[in-house]
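1. pasting the sequence and the predicted coordinates here, then a few questions.
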Amino acid sequence: QVRLSWDSVVAPGRPASAVGGAAWQPPARGSPRMAGGGTRQSRHAAAPMPPPPKARNERGVLTFGKVRIHLGRIPELVLLISFAFYVARVCTQHFDLTYPMAMPIGLFLARQLQKLLSWMSGDSGAA
């Protein structure tokens with residue numbers, strides 16, 4: 001007669017005490033154990049995250065929850081979006097593309113233009 005248990009699968013030939021104490025049993029239904037190994041109570045008992053650092057200059061910044069809009073960047077955004085629409089229009093006229101196919105091309109080229117201008121101005125963190 002062959003006796004098969006979880007311990008024999010995990011560590012064949014070793015007693016359960018050598019593997020990790022008592023024989024393994026699945027957690028009870030509704031148990032607070034989580035996939036990360038801790039319990040719900042221990043996971044929430046961790047130190048709270050510090051608040052995000054305040055910007056040095058809060059002037060010209062709108063905050064909507066986690067979203068921060070720097071008002072000094074709006075003219076750049078408007079120019080990039082207008083450039084994207086212009087490229088999409090050129091693609092529809094000269095390359096016989098439909099507008100839904102040309103718009104991602106315009107947005108991609110606008111982003112590449114933004115990266116190029118950022119690189120030329122020497123902004124290292126703007127890319």
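-> Yes, it's here.

2. tell me the secondary structure at Ile58.
-> Careful, residue 58 is Glu and not Ile. Under DSSP: H, G, I helix; E, B strand; the rest coil, the three-state class of Glu58 is coil.

3. that one: how many residues sit nearby?
-> Using other Cβ atoms under 10 Å, Glu58 is surrounded by 9 other residues. For every residue, glycine as well, the C-beta is placed using N, CA and C.

4. let me know the pLDDT of it.
-> Glu58 is assigned 70 on the pLDDT scale.

5. ok, now Ser8?
-> Note on Ser8: pLDDT of 55.

6. ok, now the one 4 residues further on?
-> Pro12 is assigned 56 on the pLDDT scale.

7. so where is the chain shaky, pLDDT-wise?
-> Scanning the chain for pLDDT under 70 picks out the ranges 1-57, 124-127.

8. for it, what's the longest helix?
-> Identified as the longest helix of the chain according to DSSP state H is helix 99-121.

9. pull the CA atoms of that helix into CSV?
-> Taking Å, rounded to 0.1, in the frame of the first residue of the first chain, the C-alpha atoms of helix 99-121 are listed here in CSV:
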residue,chain,number,x,y,z
TYR,A,99,-8.8,60.1,-40.5
PRO,A,100,-8.9,57.4,-37.7
MET,A,101,-5.8,55.9,-39.2
ALA,A,102,-4.0,59.2,-39.6
MET,A,103,-4.6,60.6,-36.1
PRO,A,104,-2.3,58.1,-34.2
ILE,A,105,0.4,59.0,-36.7
GLY,A,106,-0.1,62.7,-35.9
LEU,A,107,0.0,62.1,-32.2
PHE,A,108,3.1,60.0,-32.5
LEU,A,109,4.9,62.7,-34.5
ALA,A,110,3.8,65.3,-32.1
ARG,A,111,5.3,63.3,-29.2
GLN,A,112,8.6,62.9,-31.2
LEU,A,113,8.6,66.6,-31.8
GLN,A,114,8.1,67.3,-28.1
LYS,A,115,11.1,64.9,-27.3
LEU,A,116,13.3,66.6,-29.9
LEU,A,117,12.5,70.1,-28.5
SER,A,118,13.1,68.9,-25.0
TRP,A,119,16.4,67.4,-26.0
MET,A,120,17.4,70.6,-27.8
SER,A,121,16.6,72.8,-24.8
